[in-house]
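Student: turn this into a structure:
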Amino acid sequence: MASTQSPKPRQATALIILSLVVIFLSSAIVEAAPPFVLPADAPINIKTQAALSRKTSSNKHERDGDGSQILKGTNKIPIRVCYQGEPGAYSEKSLRELLGSNVIAVPRPDFESCYRAVASKECDYACLPVENSLGGSIHDNYDLQLKYDLTIVAEHECRVSHCLHAMPGVKKSDIKYCMSHPQALAQCDNYLSGLGIKPVPMYDTAGSAKLLRDNAIAAKSPSDKKPSRALPDKCTLENTAAIASDLAGTTYQLNCLDKKIEDDDTNFTRFLLLGRSEASVSQYLNKDVPAKTSVVFTLPNTPGALYKALACFSLREIDFSKIESRPTSASLLNYLKFKSQALGKKNRNAADLPRFRYCFYLDFLASELDENAQNALHHLKEQAEFCRILGSYPQKSKLVGPVHNAVEEAKLYTVENRDQVTQMKLPSDDGYMKLNVGIMGYGVYGQFLGRKFAERHNVRCIDSLDKFKEAEENGAEFYPNFEMHSFLQEIDVLIIAVPMIEFESAVSSLPKDSLANKLVVEVCSLGVAPKKILLSQLPESADIISSNPMFGPSGADNSCEGQPMVYDKVRVRDERRADAYLNVFERARCQMVKMTAEQQDAHMADAEFVTHLAGRILGSGKMLPPTPVSSKEYAALCDVTDMTSGDTFDLFYGMYKYNPRAKEHISKLRENLAKVERQLAAKEAYLAAKAELQDSDRQRLIAECRQLLHEVAKKSSLNSVGDIASAVKKDLKKD
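Tutor: Predicted structure coming up:
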């Protein structure tokens, strides 16, 4: 009997065969598909990145004929690393040595623009020099590390080897002039002097090579097309060379006439790779990875302060690799002033800051997560007025953590030319960012802020009262409360300028969907309560800044120059927008003080409340009448009264309601007032008793004198006044 197969097994066998065919065909399609390569005729931009994300959809790798790995599919793009200078600069050479040739290099005009590019997420990292073995420290980058919240993730020491570049066909004997950065020219002085070449200082090493290339291109172009910058006087393409890196010569297709022309071959520059806080690599440092940690701190002006600070590390046998002092930045100095004033009246004179304050930058050879290092840092923070960890990272060009993974992934890309891994322009290069600013609450203070922002930005306002006339006078567009959705459309920044007692209800009334991807700023006199409200009620995509502008329309001429602007970037993803907002106050020459909301309340909440309390007490009942002549103290009290009287009672009540120590201050004020009254009453009673006592003593003496005279007069042997007087004198001598 012939065996038969049931339908179900036959269907299963057919499905297996069909699956194998599909897998075979899929693999054949993948093998035939060419790898996605970025266009060679255009620098990478946002559109190119989006195209890359769309084109690469699988996650498989393949090796091409020469064995290099090609990325067949991923949803990520190579990391973008910015540096200062022109393409081909030593900074680019350093980042290529550290990160490889497949990362996207982004040249920037100055150091601060590199920090801004990373902070605003236009770039992932910045590769910046901090010290040179011959020229010393690059102080600008030390100062900028304090200004921006970036962390160090790696370091690299780049050998600075200068090359002499010229146009193709030019011989070394033809060279009469050499362009480069003044420092590079000084480092090759003996070489140039030996050849009789005259140095020509320029702004940059790679920029000098670029200038040769640009003028050569212009010479071959029509006569109406001129280079952006001409060669210096007497310099021509035939008699001029440039000192730059070998990478610069390759970048601008120049002929290298000589290499290693520097007078000192011990020229090294130390570069730091900086990323945002989420790129920190400290948790990836283990005992097998030699680590280094960079910190910055300030110390009180007391004998032995630096010795005690260094002892925190030396007692735990932690080695240093560098220590350097730098004058304190303006922002940090303002913070220290606030902190010193918080010590109170008794310590205020002792805490006065000297004219010159210094930050100490320290590199020690250990990870911040090591037990000894943690104990040392805790000990240091107890002594220091300010202490911040700039980063904990591996030594000697080693990469770990996210940056290592990103570099390894970038190696999978196919790169045909340098244009594919160079991005010449960022979105922020289009000029300053003009904001659409919305002000919620257009009272006296809201109008004051509106006038400041209307100078450079578009301003609209909304209020429960009709403020159309005031808005028109200040160049703002007014919206009534029932048009809240229209008001929130297309704004970049929302400033909530309502009294603190109305803040929570005002935030609750906002349509949360309309606040997505917007910057919300509170300007209350206290920071913690508004910060908690915003964090709990706003969507995650909304940026938040907590600020306390310590000035207002009651100041002289509405000026805020020199006045403190205290702010906290609570949650900021769009750094460029946040910087554009804060730039309004920087341009007004305010003292920009970066301080958390908790620090603001700890240092200023009590002082603000007591100031307004005293101003309201003195300002009521005409306790400070105007006088033609007054002391400085009286004038200061009048100023306090004038400044606080311009604020609404709602503002003062908000200071009272949201300050947990407000009632304690009022109670203390009553106690102090009662104490002063008791002191006055006691003094008055003392003086009265003293006067009464003196009067009774006088009366007693007069009575005793009268009695004495009466007794003397009774003596019959005395017949004249002179005899009586003589007798009195004798009695007094006996007594």
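Student: my guess is residue 211 meets residue 237, correct?
Tutor: No - Residue 211 is beyond contact range of residue 237, at 10.3 Å (criterion: C-beta atoms under 8 Å). For every residue, glycine as well, the C-beta is placed using N, CA and C.
Student: so for the two, which residue has more residues nearby?
Tutor: residue 211 (25 against 15; other C-beta atoms under 10 Å).
Student: surely the more buried one is in a strand?
Tutor: No - counting by DSSP: H, G, I helix; E, B strand; the rest coil, residue 211 is not found in a strand; it is helix.
Student: per-residue pLDDT, it?
Tutor: On pLDDT, residue 211 comes in at 92.
Student: go on, the one 3 residues further on?
Tutor: Residue-level confidence at residue 214 comes out at 89, pLDDT.
Student: contact partners for it?
Tutor: Counting by C-beta atoms under 8 Å, 6 or more residues apart in numbering, residue 214 touches 227, 228, 229.
Student: now flag whichever of these is closest to residue 307.
Tutor: Residue 307 lies nearest to residue 229 out of those, by C-beta to C-beta, at 52.4 Å.
Student: mind checking the SS state of the closest one?
Tutor: At residue 229 the chain is in coil, as set by three-state DSSP.
Student: burial check on residue 417, number of neighbours?
Tutor: 10.
Student: backbone dihedrals for it, please?
Tutor: Main-chain dihedrals, residue 417, degrees, to the nearest 10: phi -150, psi 170.
Student: ditto for the one 3 residues further on
Tutor: Recorded main-chain torsions at residue 420 are phi -70, psi -20, according to degrees, to the nearest 10.
Student: what score does it have for pLDDT?
Tutor: So residue 420 comes in at 76 (pLDDT).
Student: about what we covered before: quickly list what's touching both of residue 211 and residue 237.
Tutor: residue 231.
Student: related to what we said a few turns ago, tell me which of the contacts of residue 214 is nearest to residue 453?
Tutor: The closest of the contacts of residue 214 to residue 453 turns out to be residue 228 (C-beta to C-beta; 35.3 Å).
Student: what is the burial count for that closest one?
Tutor: By the measure other C-beta under 10 Å, the count of residues near residue 228 is 9.
Student: one more: residue 130?
Tutor: When neighbours are defined as other C-beta under 10 Å, residue 130 has 23 of them.
Student: is it true that it touches residue 142?
Tutor: Yes - proximity of residue 130 to residue 142 meets the contact threshold set by C-beta under 8 Å, at 6.9 Å.
Student: from the chain's centroid, how far away is stretch 609-618?
Tutor: 33 Å (C-alpha atoms, centre = their mean, to the nearest Å).
Student: name the residues that touch that stretch?
Tutor: Stretch 609-618 has contacts (C-beta under 8 Å, 6+ apart) with 623-624, 637, 640-641, 643-645, 647, 651-652, 655-656, 659, 662, 665-666, 669.
Student: which among those end up buried?
Tutor: For the contacts of stretch 609-618, a burial check counting by 16 or more other C-beta atoms under 10 Å picks out 624, 637, 640-641, 643-644, 647, 651-652, 655-656, 659, 662.
Student: dump the residues you listed into CSV; add secondary structure, pLDDT and distance to residue 313 as well.
Tutor: Listed next are those as CSV, based on DSSP: H, G, I helix; E, B strand; the rest coil; pLDDT from 0 to 100; distance: C-beta to C-beta, whole Å:
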residue, secondary structure, pLDDT, distance to residue 313
624, coil, 74, 55
637, helix, 74, 50
640, helix, 72, 47
641, helix, 74, 52
643, helix, 67, 47
644, helix, 70, 48
647, coil, 69, 49
651, helix, 71, 48
652, helix, 74, 49
655, helix, 73, 43
656, helix, 75, 46
659, coil, 77, 40
662, helix, 79, 43
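Student: taking the residues you listed together, which two end up most distant?
Tutor: Top of the distance list for the buried ones among the contacts of stretch 609-618 (C-beta to C-beta): 624 and 659, 25.3 Å.
Student: ok, the residue nearest to residue 648 when sequence neighbours are not counted to residue 652 distance?
Tutor: Leaving aside its sequence neighbours, residue 648 sits nearest to residue 499 (C-beta to C-beta, 6 or more residues apart in numbering; 6.5 Å). To residue 652, residue 499 is 9 Å away according to C-beta to C-beta, to the nearest Å.
Student: cool, and residue 415?
Tutor: In terms of C-beta to C-beta, residue 415 sits 64 Å off from residue 652.
Student: low pLDDT regions in the chain?
Tutor: 1-77, 222-225, 331, 334-354, 554-559, 604, 621-622, 643, 645-647, 715-735 (pLDDT under 70).
Student: and residue 441, how many residues sit next to it?
Tutor: 22.
Student: can you check residue 588 too?
Tutor: Residues lying near residue 588 (other C-beta under 10 Å) number 17.
Student: can you report phi and psi for residue 404?
Tutor: According to degrees, to the nearest 10, residue 404 has phi -60, psi -40.
Student: how about stretch 382-391: buried residues?
Tutor: 383, 384, 385, 386, 387, 388, 389, 390, 391.
Student: returning to what we had before: could the buried ones among the contacts of stretch 609-618 go into CSV alongside distance to residue 244?
Tutor: Listed next are these as CSV, based on distance: C-beta to C-beta, whole Å:
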residue, distance to residue 244
624, 70
637, 66
640, 62
641, 66
643, 58
644, 62
647, 60
651, 60
652, 64
655, 60
656, 65
659, 61
662, 65
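Student: for those, which one is nearest residue 484?
Tutor: Distance to residue 484, by C-beta to C-beta, is smallest for residue 651 among those, at 23.4 Å.
Student: you'd agree that closest one is up against residue 525?
Tutor: Yes - judged on C-beta under 8 Å, residue 651 makes contact with residue 525 at a distance of 6.9 Å.
Student: could you name every residue contacting both of those two?
Tutor: Joint contacts of residue 651 and residue 525 (C-beta under 8 Å, 6+ apart) are residue 500.
Student: quick one: contacts for residue 255?
Tutor: Residue 255 is in contact with 165, 166, 167, 168, 169, 170, 249, counting by C-beta under 8 Å, 6+ apart.
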